[in-house]
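>>> Build me a structure from this.
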Amino acid sequence: MNLQANKLLDNKKGLTIVELMITLAILLIVIGASYSFYFYVVRAFDIGTKQSDVQQNVRLAKNIIDNKVRSANYIAITESEPEAEWNQKIYLDNGKIMYVKDGDTTELLSGLADGFNMQIEFEKVGTSFLEISITGDINGEHVYNITSEVLIKAIQESKFVGDTGNVIYFKS
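Sure, this is the predicted structure:
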């Protein structure tokens, strides 16, 4: 038994070129598969993050608008400025939702939605409900839409004018 062990240890024969080529080929296949899997995971994570960001911004915009218009006592859904007195306005400007209060204009999401395209639509539903539909996307991808109906608590039917549009004037 000792004699066989010595023969194995004394064997000075190295790898042949064929064995080396087969080993390198297998190694390249493993590295290639790992590389593909890694970039698949990174891309899937990036897509998931962007979709989550779009959803978060659309929901946030909806909640802010809901809270602002809920206690309005005058609402006009129109493309042109209404004749009645108002002190707040929500509208779109280059894919951004803008908010005007007492003459001061700000972006509704204040920079949170940079790189996002937003769309908004208002619709009067019945005598005291306002339907708000907001859609957000990133360069036409990762589109997310949410629609909600808001009960306008203190409004009279005569002070709720207009049917549909993407501009709303209101007074609280």
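>>> For stretch 145-159, the averaged confidence score.
Averaging pLDDT along stretch 145-159 yields 87.
>>> Run a quick neighbour tally on Ile65.
Other residues near Ile65 come to 22 when the count uses other Cβ atoms under 10 Å. No exception for glycine: its C-beta is placed from N, CA and C like everyone else's.
>>> going forward, begin numbering at 430 instead of 1
Okay, residue one is now 430; in that scheme the one you just asked about reads as Ile494.
>>> Quick one: list the elements packing against the helix or strand harbouring it.
Using DSSP states H and E, Ile494 sits in helix 446-498. Applying 3 or more Cβ pairs under 8 Å, 6 or more residues apart in numbering; DSSP states H and E, one finds that helix 446-498 makes contact with strand 517-522, strand 525-530, strand 546-554, strand 558-567, strand 570-580, strand 597-600.
>>> Flag the shaky bits of the chain, pLDDT-wise.
Low-confidence segments of the chain, defined by pLDDT under 70: 430-442, 540-542.
>>> Turn the helices and strands packed on helix 446-498 into CSV, including mean neighbour count.
Below are the helices and strands packed on helix 446-498 laid out as CSV (neighbours: other Cβ atoms under 10 Å):
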stretch, mean neighbour count
strand 517-522, 17
strand 525-530, 17
strand 546-554, 18
strand 558-567, 19
strand 570-580, 15
strand 597-600, 21
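>>> Kindly export stretch 535-552 (C-alpha atoms) in CSV.
Provided in CSV are the C-alpha atoms of stretch 535-552 (Å, rounded to 0.1, in the frame of the first residue of the first chain):
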residue,chain,number,x,y,z
THR,A,535,-46.1,75.4,-5.5
GLU,A,536,-45.6,71.9,-6.8
LEU,A,537,-48.0,69.7,-4.9
LEU,A,538,-45.4,67.0,-4.2
SER,A,539,-42.6,69.6,-3.7
GLY,A,540,-39.9,67.7,-5.6
LEU,A,541,-40.8,64.2,-4.5
ALA,A,542,-42.1,63.4,-8.0
ASP,A,543,-39.1,64.6,-10.0
GLY,A,544,-38.8,62.5,-13.2
PHE,A,545,-42.5,61.4,-12.9
ASN,A,546,-45.2,62.3,-15.4
MET,A,547,-48.5,62.9,-13.6
GLN,A,548,-52.0,63.2,-15.1
ILE,A,549,-55.1,64.3,-13.2
GLU,A,550,-58.8,64.4,-13.9
PHE,A,551,-61.6,65.7,-11.8
GLU,A,552,-65.3,64.7,-12.2
